[in-house]
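**Student:** with the input below, show me the fold.
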Amino acid sequence: MTSTGSERIRGHAVVVQPDDGPSYWQPVPASGHADPRLYPANTRFDGLSMGYQTIAAGGHVREHSHGAQVELQICFRGRGHVVVDGVRHPLVPGTACFLGYDVKHEIVNDGDEELVMLWVITPPGLEEFFRTIGRARAAGEPAPPPFPRPDDVVAIERGMGMNDTRAWPTGGASDADDLDR
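**Tutor:** As a prediction, this is how the structure comes out:
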């Protein structure tokens, strides 16, 4: 960090309460919502961002990797599993994952309650992805009916440094199938 950058954050602190800050409903197959809490616009620090992702019961985050970002994930509510480079691991409160560059990963909520993950990513940008594909959410409002990802989601992912994602195969599973969840 440059001296100019370090001066921007010297003496600067941010405390965000659970229902403060942006929140975005997420499309299928994850559904649920994403809640960025600490990000460059409020911290003045361009080195990382942090937030929570709530994955609906039966939902999942599609396999992907980050070509130029490192991600930390910590499960603190719910149960499911995470697949990291093809290896399945239990996901329970307290499970922590370090995901370096180009590590393929997906999160599956195979439980009957919400799965909540804390994420930290460096450099930042995941908060913009959630905003771009999601819909604005107010704290405490009921979940909307499941909705599809944008048609250009793979292009959005590539533009934000995500790799190894793919559109649903033709003739296979689709957003319409996921909407029936």
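**Student:** residues in contact with the most centrally placed residue in the chain?
**Tutor:** For the chain, Gln53 is the residue whose C-alpha lies nearest the centre (Cα atoms, centre = their mean; 5.3 Å). Residues counted as contacts of Gln53 (Cβ atoms under 8 Å, 6 or more residues apart in numbering) are 26, 30, 32-35, 61, 116-117, 119, 130. Placement of C-beta: from N, CA and C, glycine included.
**Student:** any chance of those in JSON lines, with neighbour count and secondary structure too?
**Tutor:** Formatted as JSON lines, the contacts of Gln53 follow (neighbours: other Cβ atoms under 10 Å; DSSP: H, G, I helix; E, B strand; the rest coil):
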{"residue": "Gln26", "neighbour count": "24", "secondary structure": "coil"}
{"residue": "Ala30", "neighbour count": "25", "secondary structure": "coil"}
{"residue": "Gly32", "neighbour count": "24", "secondary structure": "coil"}
{"residue": "His33", "neighbour count": "23", "secondary structure": "strand"}
{"residue": "Ala34", "neighbour count": "25", "secondary structure": "strand"}
{"residue": "Asp35", "neighbour count": "23", "secondary structure": "strand"}
{"residue": "Val61", "neighbour count": "21", "secondary structure": "strand"}
{"residue": "Val116", "neighbour count": "19", "secondary structure": "strand"}
{"residue": "Met117", "neighbour count": "25", "secondary structure": "strand"}
{"residue": "Trp119", "neighbour count": "21", "secondary structure": "strand"}
{"residue": "Phe130", "neighbour count": "21", "secondary structure": "helix"}
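**Student:** tell me the one of the residues you listed nearest Ile74?
**Tutor:** Each of the contacts of Gln53 was scored against Ile74 by Cβ to Cβ, and Met117 proved nearest at 6.8 Å.
**Student:** mind listing what the closest one touches?
**Tutor:** For Met117, the contact set (Cβ under 8 Å, 6+ apart) comprises 52-55, 73-76, 107.
**Student:** restricted to buried residues, select those in ChimeraX.
**Tutor:** Selecting only the buried entries of the contacts of Met117 in ChimeraX, with 16 or more other Cβ atoms under 10 Å as the criterion:
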select :52,53,54,55,73,75,107
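**Student:** tell me which of the contacts of Met117 fall in helices.
**Tutor:** Using DSSP state H, no member of the contacts of Met117 sits in helices.
**Student:** which residues does stretch 135-147 contact?
**Tutor:** Applying Cβ under 8 Å, 6+ apart, the contact partners of stretch 135-147 are 18-19, 22-25, 27-28, 31-33, 56, 178-179, 181.
**Student:** the protein: helices as residue ranges?
**Tutor:** With DSSP H, the ranges of helices along the chain come out as 3-9, 40-43, 126-133, 153-159, 175-179.
**Student:** tabulate these (JSON lines), appending mean pLDDT.
**Tutor:** Shown next, in JSON lines, are those (pLDDT from 0 to 100):
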{"stretch": "helix 3-9", "mean pLDDT": "80"}
{"stretch": "helix 40-43", "mean pLDDT": "98"}
{"stretch": "helix 126-133", "mean pLDDT": "96"}
{"stretch": "helix 153-159", "mean pLDDT": "90"}
{"stretch": "helix 175-179", "mean pLDDT": "45"}
